[in-house]
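A.B. asks: Provide a 3D model corresponding to the input given below.
(2 chains)
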Amino acid sequence: MANKIWTTVGTPEQRIDAVEKSTGKVRYVGDYSVPGLMHAKLVKSTQAHARITSIDTTEAWKIPGVRAVVTGEMFPFHIGPILADRPPLAFEKVRYYGEPVAIVVADHEHQAKLATTKVKVEYEPLPIVNSVQQAFQQDAPLVHENAGQYTKIIDNVYPKSGTNIGSHIKIRKGDFDSAWASCEETITANYSFNLSDHVALETRSTRVEINPAGKVIVHSCSQSPFTIKKVLNQFFNVDVGNILVHIPMVGGAFGGKGTVQLEPLAYLASKAVGGKLVKLEFDREEDMITGPCRIGLDATVQLGATKEGKLVAGKYTYLLDSGAYSDQAAGITRAAAIDCTGPYHIPNVWCDSYCIYTNHPFATSFRGYGHPELTFAVERTIDQLAKKLQIDPVQFRILNGIKPGHTSPTQTGLTANNIGDVEKCLNRARELIKWDEGQKIEIGKNKVRTKGISLFWKTSTTATNAQAGAILTFEADGSVNLNCAAIELGQGTKTVLGQILAEKLGMDMKKIHVTMETNTQYDPHQWRTVASSSTFLAGRAVISAAENAIAQLKKTASIVLQCTPEDLEVGGGRVFLTPDPTFGVEIKDIAIGYTYPSGHSIEGQVVGVGKHVQRHLTPMDEQTGFGKPGPWWSVGVQAVEVELNTRDFTYSILNAVTVLDGGTIINPMTATQQMRGGMYMGLSYATSEKFIFDHNGVVQNTGLRNYPVLRYGEQPAEYLVEFIETPAADGPFGARGIGEYGVIGAAACLANSLSVGTEVELTQLPLTPEVIWQAKKVEKQ
Amino acid sequence: MNIKNKPTKKVIHLHVNGETHEAVVRASDTLLCTLREQLGLTGAKRACEDGDCGACTVLVNGEPTHSCLSLAVEVVNKPITTIEGLLNSPVQSAFVDHWAIQCGFCTPGFIVNCHALITNHPNASEELVEEWLQSNICRCTGYQEIREAVNNLLQKSQ
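C.D. replies: The predicted structure follows:
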């Protein structure tokens, strides 16, 4: 489907970071070391919910090399991205197992680590809130006694005093009650699963120093350098301009590095040793439970339809397990409400989305921002309703798929530009998975092959002023440096932005140098590298910077060539006369200004600047949810075929399919990598991943030995990825965001497939043989 | 303050990538932290320090080894190869050519492991490849691309 009107866009240009990464020479943040670097280590809570009665640091100070011990009462304030409810270091009480309680700073890491074991913390246990269902009860113990008194950092967060509700977001569209009463077929189903983890291979790491002039210098592996500045400014009173954040290439993030936890702790540690350079790096166990993880969910979905199968009413109750603090879970609560229905046209919608506090590790954004989770619940219900109506699941989805002319749950009008083509995606996926050969095929004693499908969508719920900028500086050889603050996390964003620039300038990719490190002092402001928004926001900024540079190139060239800028075109490393392309000047001769033989010079260096900010986005109305949350929706379909043993419920995934309408695909190979990696990650989560809590709320699987993730050979035997490219008029060359989308439908289509094979409606994740066996046992009773 | 520092370090010699290096280590220093902090060889990554993820893989006597589970003092007098010693190897080019690299954090461990696999088993079956590579985690989950890279190398070596 590559559009041949372009040369670089739509071409699988090699990733610009691949060669360097293959040699092991890329330096990630934890790979730097200098003499004098001090090391911080955390003392963590051994309790999930307890009052801190005393902290004794006497013995820790006796360990050689210890230079400081920081405890919670030294900074007894709350921080947070949406609701300020989390003390960086616990004070008065702890709310999850693994919560930071104190920091020890020492000359060497082993000294700091040893000293943390010598800090004596006395706890008085409190009743544990160990599930969202328990937390939602009226007489539940409170995780936060003063939930209603926390400072709101953004709009659209509604904590309820005297409850465990950190936020409650409502969607009220149409008239659900009377529509529900008129439905000829209905279904109500409940789903639940526990929190889990990102497991980026690079654990979170940072180093901070405060120089004598008061500048705070942060190096980190973060998706949000400008948010680090905002947090240090908002809660620690450092001037924004005095905070410098450097981000090298990041070793995987998946949303887990979007929030700010480590940097304030390292700032407190550095402050405690007179501003010296301090490194704070999580080990794997800390990264999993002390650092933020992925939400859990309890979802109840009610769908009602006519007997012909037209959806009429939908009601959605989402209880998000946010863990001990609301962090990004408060935003995910909102995102889940915004897209609560999935890409279906449902005129009457009622949604209550709750961010619920429990005594679990706190949750933050995870690739998909609530959408993989709600898609599991919605798509399982769609399949069950289709079954009741005796309509083929694909046909049922085509019948009810959302289209231009419809409105989203928040009543945003959908047009051919802001939504992808649901029906095209469904039809192509149906062909690729060979749906019409049969959804269930018996292949021998106790063996069946079954197929499952899921439809999904997502908008980028960015800040209403989310933006990006780009600065281009031209070199004397006619090549161009591209500076922007999009972070390279492995998703290939720097390559894709380079391609957009190369296309716009009509230049070879080899002439584009994209700066890999982000430095907030040199790079223009960018909201964050999250929400599949970088190609869109930074891509638009790059185009506008290129236009700015082209105008400068034409101006300089018009003087040299004695014509008007309007007579000129830029391409192939030259600026030339449109009617006579042989008459022109090379970019290298005007890149840093043109110098005449006399020595006289004009114009100086070409420096292109550009920016893009979201347009016409609004917060949501508190009572109805009315508002415009994002610029577009990408839609997609995923499907799997599994081979299942119906006796012991073991299974293997034979085929997998993703068809995504991501608008124009800038680089088909990086896009395919994203879809493959996304779906495998989704299947990993769906087949094996969750935190296991004991009755004290203590996580039992805090390492990679007992928290299984997908390994080599466990991926589907065959996986096909295709793109439908309905252009988005707003996007760079018609592109929409795609980064998160591969993960969204994976769990749902697997569960749909296994539900057909096992003949039981599966409602839990992960789908281990044991979980399936238990579901069968419950059904028999 | 009570100061009771005892001398706890010792000079050892490590043979890394064909060169002999001097290192000053504690008895409990792992090979991983010695390579990274003393020799500046940061290609081997610290990702679980429990032998579960393979990001720290180096070759000791040609065998893939979790450097996070080996003590520096254990590998004195043994030839050690790190990712930095495999510059311009066919495995690196295969990973680049087959898009087997995303965030790159697992890449050094995978390449070192694959290098040993291809060297020791140029005719490796799919089952053997799977057995070898299950010791490494790629969380960007580029296993399909890694499989294509390895299959290409095996075809060439046969």
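A.B. asks: And what about the nearest residue to A:Thr763 once chain neighbours are set aside, helix, strand or coil?
C.D. replies: For A:Thr763, the nearest residue in space outside its immediate sequence neighbours is A:Tyr191; the separation is 4.7 Å by C-beta to C-beta, 6 or more residues apart in numbering or on different chains. C-betas here are computed from N, CA, C, even on glycine. Secondary structure state of A:Tyr191, per DSSP: H, G, I helix; E, B strand; the rest coil, is strand.
A.B. asks: And A:Ile63, by the same measure?
C.D. replies: Reduced to three states with three-state DSSP, the structure at A:Ile63 is coil.
A.B. asks: Tell me where chain B has helices.
C.D. replies: For chain B, the helices identified by DSSP state H occupy B:31-37, B:90-97, B:107-120, B:126-133, B:143-157, in order along the chain.
A.B. asks: Any chance of those in CSV with distance to A:Ala728, mean neighbour count and mean pLDDT as columns?
C.D. replies: Rendered in CSV, the data for these read as follows (distance: least, C-beta to C-beta, whole Å; neighbours: other C-beta atoms under 10 Å in any protein chain shown; pLDDT from 0 to 100):
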stretch, distance to A:Ala728, mean neighbour count, mean pLDDT
helix B:31-37, 45, 23, 97
helix B:90-97, 31, 21, 98
helix B:107-120, 33, 24, 98
helix B:126-133, 39, 16, 97
helix B:143-157, 28, 20, 95
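A.B. asks: Please convert the ones you listed to CSV, extending it with distance to chain A.
C.D. replies: Shown next, in CSV, are the helices of chain B (distance: least, C-beta to the nearest C-beta, whole Å):
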stretch, distance to chain A
helix B:31-37, 6
helix B:90-97, 4
helix B:107-120, 4
helix B:126-133, 4
helix B:143-157, 5
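A.B. asks: Nearest to A:Lys215, out of the ones you listed?
C.D. replies: In this view, these are compared for proximity to A:Lys215 by C-beta to C-beta, and helix B:31-37 is the closest at 27.0 Å.
A.B. asks: Just the CA trace of the closest one, in PDB.
C.D. replies: The C-alpha coordinates for helix B:31-37 follow below in PDB (Å, rounded to 0.1, in the frame of the first residue of the first chain):
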ATOM      1  CA  LEU B  31      32.300 -10.100  36.400                       C
ATOM      2  CA  LEU B  32      29.500  -7.800  35.200                       C
ATOM      3  CA  CYS B  33      30.300  -4.900  37.500                       C
ATOM      4  CA  THR B  34      34.000  -5.300  37.000                       C
ATOM      5  CA  LEU B  35      33.700  -5.200  33.200                       C
ATOM      6  CA  ARG B  36      31.300  -2.200  33.400                       C
ATOM      7  CA  GLU B  37      32.800  -0.100  36.100                       C
END
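A.B. asks: Now do the domain split for the chain, please.
C.D. replies: In the absence of a named chain, chain A is used. Dividing chain A into domains by automatic domain parsing, as the record does, gives the ranges A:18-26+A:466-613, A:32-126+A:201-252+A:257-290, A:293-462+A:617-780.
A.B. asks: ah, I was thinking of chain B
C.D. replies: Segmentation of chain B into domains, based on automatic domain parsing, reads B:9-82, B:85-157.
A.B. asks: Just send those back as CSV, with distance to A:Val29 too.
C.D. replies: CSV is the format used below for the domains of chain B (distance: least, C-beta to C-beta, whole Å):
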stretch, distance to A:Val29
domain B:9-82, 11
domain B:85-157, 11
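A.B. asks: Export the helices of chain B as TSV, with columns for distance to A:Pro716.
C.D. replies: Below are the helices of chain B laid out as TSV (distance: least, C-beta to C-beta, whole Å):
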stretch	distance to A:Pro716
helix B:31-37	33
helix B:90-97	21
helix B:107-120	20
helix B:126-133	14
helix B:143-157	9
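A.B. asks: what about A:Leu432, how many residues close to it?
C.D. replies: A total of 18 residues lie near A:Leu432 under the criterion other C-beta atoms under 10 Å in any protein chain shown.
A.B. asks: Could you verify my assumption that it touches A:Ala639?
C.D. replies: Yes - between A:Leu432 and A:Ala639 there is a contact under C-beta atoms under 8 Å: 7.4 Å.
A.B. asks: what sits in contact with each of those two?
C.D. replies: Both A:Leu432 and A:Ala639 are in contact with A:Val657, where contact means C-beta atoms under 8 Å, 6 or more residues apart in numbering or on different chains.
A.B. asks: Please enumerate the strands of the stretch 501-650 of chain A.
C.D. replies: Defined through DSSP state E, counting those that start in this stretch, the strands belonging to the stretch 501-650 of chain A, from first to last, are A:512-514, A:518-519, A:568-571, A:574-577, A:584-586, A:592-595, A:601-605, A:607-613, A:633-645.
A.B. asks: Name the nearest residue to A:His78, sequence neighbours excluded.
C.D. replies: When the adjacent residues along the chain are set aside, A:His78 lies closest to A:Ala84, with 4.5 Å between them (C-beta to C-beta, 6+ apart).
A.B. asks: where's that neighbour relative to A:Gly593, distance?
C.D. replies: In this structure, A:Ala84 and A:Gly593 are 50 Å apart, going by C-beta to C-beta, to the nearest Å.
A.B. asks: More neighbours: which of the two?
C.D. replies: For the pair A:Ala84 and A:Gly593, the greater number of neighbours falls to A:Ala84 (19 against 14), based on other C-beta under 10 Å.
A.B. asks: rewinding a little: tabulate the strands of the stretch 501-650 of chain A (TSV), appending distance to B:Pro90 and mean pLDDT.
C.D. replies: What follows is the strands of the stretch 501-650 of chain A, written out as TSV (distance: least, C-beta to C-beta, whole Å; pLDDT from 0 to 100):
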stretch	distance to B:Pro90	mean pLDDT
strand A:512-514	28	98
strand A:518-519	33	97
strand A:568-571	38	98
strand A:574-577	39	98
strand A:584-586	39	98
strand A:592-595	41	97
strand A:601-605	42	97
strand A:607-613	40	98
strand A:633-645	34	97
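A.B. asks: returning to that earlier point: of the domains of chain A, flag the one that's most buried.
C.D. replies: domain A:293-462+A:617-780 (a mean of 22; mean count of other C-beta atoms under 10 Å in any protein chain shown).
A.B. asks: what's the span of it from first residue to last?
C.D. replies: Taking C-alpha to C-alpha, to the nearest Å as the measure, domain A:293-462+A:617-780 stretches 35 Å from start to finish.
A.B. asks: How about stretch A:213-231?
C.D. replies: 20 Å.
A.B. asks: in the stretch 251-400 of chain A, which spans are helices?
C.D. replies: For the stretch 251-400 of chain A, applying DSSP state H, counting those that start in this stretch gives helices covering A:262-272, A:284-285, A:329-338, A:371-389, A:393-400.
A.B. asks: The first one packs against which elements?
C.D. replies: Okay, so that is helix A:262-272. Helix A:262-272 sits against strand A:38-44, strand A:66-71, strand A:100-106, strand A:205-210, strand A:216-220, helix A:225-236, strand A:278-281, with contacts defined as 3 or more C-beta pairs under 8 Å, 6 or more residues apart in numbering or on different chains; DSSP states H and E.
A.B. asks: now do 10 Å
C.D. replies: Using 3 or more C-beta pairs under 10 Å, 6 or more residues apart in numbering or on different chains; DSSP states H and E as the contact definition, the elements that helix A:262-272 packs against are strand A:38-44, strand A:66-71, strand A:100-106, strand A:205-210, strand A:216-220, helix A:225-236, strand A:243-247, strand A:278-281.
A.B. asks: how much distance is there from it to the middle of the chain?
C.D. replies: 26 Å (C-alpha atoms, centre = their mean, to the nearest Å).
A.B. asks: do the same with the last one
C.D. replies: Between the mean C-alpha point of helix A:393-400 and the mean C-alpha point of its chain there is a distance of 29 Å (C-alpha atoms, centre = their mean).
A.B. asks: Contact partners for the closest residue to A:Ile16 other than its chain neighbours?
C.D. replies: Leaving out its chain neighbours, the residue that sits closest to A:Ile16 by C-beta to C-beta, 6+ apart is A:Thr495, at 4.9 Å. Taking C-beta atoms under 10 Å, 6 or more residues apart in numbering or on different chains as the contact definition, A:Thr495 lies against A:12-18, A:488, A:509, A:512, A:514, A:666-667, A:669-670.
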